[in-house]
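Q: I need the structure of the sequence given here:
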Amino acid sequence: MRCFYHRDYFFPLPESHPFPMDKFWRAEAMIREAAPSDSVSIHPAEHAPLDAVLRVHSAAYLEKIHAGALDSTEALKLGLPAGEALLLRSRLETGGTL
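A: Numbers count the residues shown, from 1 in each chain. The predicted model follows:
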């Protein structure tokens, strides 16, 4: 089985934030410890191509996230602090899934 991970899946959040950001590195560590290396390989995730992301999000929305310029409703729905770091992290996670 091929698994994908990147250390930049981690995104700093306030301690009170409900999202379990540590789940990514914990899962990677658990796989490395438990799985025989001949049955599981962990590969570095790459950023999802922008054209793939644009299939599900508008360019305007991505630019708002990149600039940290979401309106209050969009920011509440997203639930994470918008900015370039979040956009890059999200593209890594998506790339690891694709």
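Q: for the longest helix seen in the chain, what is the average pLDDT?
A: Longest helix in the chain, counting residues (DSSP state H): helix 84-97. Averaged across helix 84-97, pLDDT comes to 95.
Q: residues of that helix that come out buried?
A: 86, 87, 89, 90, 91, 92, 93, 94, 95, 96 (16 or more other CB atoms under 10 Å). C-betas here are computed from N, CA, C, even on glycine.
Q: from these, pick the one nearest residue 16.
A: Checking those against residue 16 with CB to CB, the nearest one is residue 86 at 17.8 Å.
Q: circling back: would you convert the buried residues of helix 84-97 into JSON lines that also reports distance to residue 68?
A: Shown next, in JSON lines, are these (distance: CB to CB, whole Å):
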{"residue": "86", "distance to residue 68": "9"}
{"residue": "87", "distance to residue 68": "10"}
{"residue": "89", "distance to residue 68": "14"}
{"residue": "90", "distance to residue 68": "14"}
{"residue": "91", "distance to residue 68": "16"}
{"residue": "92", "distance to residue 68": "19"}
{"residue": "93", "distance to residue 68": "19"}
{"residue": "94", "distance to residue 68": "20"}
{"residue": "95", "distance to residue 68": "22"}
{"residue": "96", "distance to residue 68": "24"}
